[in-house]
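Chemist: Show me the folded form of this:
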Amino acid sequence: PLFFLFVWVALLLAGTLKLGVLTGTYVNVELPLADAQVWQGVLDRLVPFDAAKGEEGVSLQGVVLIALLAVIGFSAWRGLDNIQDGANAWTWTSLVTIAVTLLVAALSVQAGPDGLRIGLTGKFFGVAVALAGVGLIARSHLSPDELRDWLWESWRFVKQIFPLLVIGVFIVGMIRVLIRPEWIEMLAGTNSVVGNLAGVAFGVFMYFPTLVEVPIAKMFLDLGMHRGPLLAYLMSDPELSLQSILIISAIIGRRKTATYVGLVALFSAIAGFTYGAWVDGKSLLRLALWLGAFIGVLAVLLSFASRRAASTLVKGV
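Modeler: All right, here's what the predicted structure looks like:
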């Protein structure tokens, strides 16, 4: 049903949106684990944390999540790889572990001298409600065959995208060693025309699969890139790459290809610049006037180009 899709979208938004109602902590639970801070110190020594160098470190919550992911991988392999033959104990183990992982990831966990503080955030409650909705709809509205097909397709999709995520994280780890934060801050640390054009240039001439773009974008954000140029990069990267430019040029010609690439770069830069201005606090009225003026100028230029092309065609005939 369509409502099933809406519940999945709600789960995605509840788990990813950075809104105050979701990130805020409403209930705190103190676990009397006196060694929690010591354990965190050990993790900090094993995996250093330094934002200036792009080092994210590992928290106690992260260790638990890694262990849960390992359990999901093994149980899904035993319970979902052959789901067409019917569900078994491993199937339910994997599904329960997936739900627990999403809930644990939505918690706020802090190690202190008195123990481990676990905060129930708005994200936790939102994810819990969405998961309950998914389970209720799947149980009451999906037939056994539909349920098996859904689980199989989900597992097949995970097997396809997980290697790309691993590759993306590996590439980010190598690039981070080479890129200095001050370089990113100097070039695209502010919502400037140069910064947005730099983001577009990187997006147009580099090629990354969609799932590799995510860790790349996170890396740039951690290194100090403004959100405006970052959006310009994310807008241009899926549209074009050096390989696609060469192929398109061979099919439609260099002039049309240059026009296409120029329009993609222009619209990506404008989108990034506008979003960056909004992030910096510009009023919506000013942004609307700016976009209206841009669209008006673009319409005039396109009209002039169209008339000139028509005139050239008539003369040629």
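Chemist: Name the SS class of Arg117, please.
Modeler: Three-state call for Arg117 (DSSP: H, G, I helix; E, B strand; the rest coil): strand.
Chemist: for the closest residue to it other than its chain neighbours, what are its contacts?
Modeler: In space, and not counting its chain neighbours, Arg117 is closest to Gln110: 4.7 Å by CB to CB, 6 or more residues apart in numbering. Any C-beta I mention is one placed from the backbone N, CA and C, and that applies to glycine too. By CB atoms under 8 Å, 6 or more residues apart in numbering, the contact list for Gln110 reads 116-117, 119.
Chemist: how about Ala111, secondary structure?
Modeler: strand.
Chemist: Distance check, it against Leu60.
Modeler: Applying CB to CB, to the nearest Å, the value for Ala111 to Leu60 is 6 Å.
Chemist: With Ala250 instead?
Modeler: 54 Å.
Chemist: Looking at the two, which has the bigger crowd around it?
Modeler: Applying other CB atoms under 10 Å to Ala250 and Leu60 shows that Leu60 carries more neighbours, namely 17 against 10.
Chemist: My guess is that one contacts Asp35. True?
Modeler: No - using CB atoms under 8 Å, Leu60 makes no contact with Asp35, being 10.5 Å away.
Chemist: Which of the contacts of Gln110 ranks first by neighbour count?
Modeler: So for those (other CB under 10 Å), the most neighbours sit at Leu116, 21 neighbours.
Chemist: quick one on the thing from earlier: could you tell me which residues touch both of Ala111 and Leu60?
Modeler: 36, 39-40.
Chemist: Redo those as JSON lines? Include secondary structure, neighbour count and distance to Leu13.
Modeler: Conversion of the shared contacts of Ala111 and Leu60 to JSON lines gives the following (DSSP: H, G, I helix; E, B strand; the rest coil; neighbours: other CB atoms under 10 Å; distance: CB to CB, whole Å):
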{"residue": "Ala36", "secondary structure": "helix", "neighbour count": "20", "distance to Leu13": "31"}
{"residue": "Trp39", "secondary structure": "helix", "neighbour count": "15", "distance to Leu13": "33"}
{"residue": "Gln40", "secondary structure": "helix", "neighbour count": "21", "distance to Leu13": "30"}
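Chemist: now, which of these sits nearest Thr190?
Modeler: Gln40 (34.8 Å; CB to CB).
Chemist: From Ala105, how far out is the closest one?
Modeler: Taking CB to CB, one finds Gln40 at 18 Å from Ala105.
Chemist: likewise Thr25?
Modeler: Thr25 is 15 Å from Ala105, by CB to CB.
Chemist: Adding pLDDT and distance to Leu221, write the shared contacts of Ala111 and Leu60 out as JSON lines.
Modeler: JSON lines is the format used below for these (pLDDT from 0 to 100; distance: CB to CB, whole Å):
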{"residue": "Ala36", "pLDDT": "82", "distance to Leu221": "29"}
{"residue": "Trp39", "pLDDT": "83", "distance to Leu221": "29"}
{"residue": "Gln40", "pLDDT": "81", "distance to Leu221": "24"}
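Chemist: Please, which helix or strand holds Trp278?
Modeler: Using DSSP states H and E, Trp278 sits within helix 254-279.
Chemist: Which neighbouring elements make contact with that helix?
Modeler: For helix 254-279, the helices and strands in contact under the criterion 3 or more CB pairs under 8 Å, 6 or more residues apart in numbering; DSSP states H and E are helix 193-205, helix 227-236, helix 242-252, helix 284-316.
Chemist: Give me the angle between it and helix 284-316.
Modeler: With axes from the mean of the first three to the mean of the last three CA atoms, to 10 degrees applied, the angle from helix 254-279 to helix 284-316 works out at 170 degrees.
Chemist: chain center to helix 254-279, what's the gap?
Modeler: For helix 254-279, the separation from the chain centroid amounts to 21 Å (computed by CA atoms, centre = their mean, to the nearest Å).
Chemist: average pLDDT for that helix?
Modeler: Helix 254-279 comes out with an average pLDDT of 88.
Chemist: In it, which residues are buried?
Modeler: 257, 260-261, 264-265, 267-278 (16 or more other CB atoms under 10 Å).
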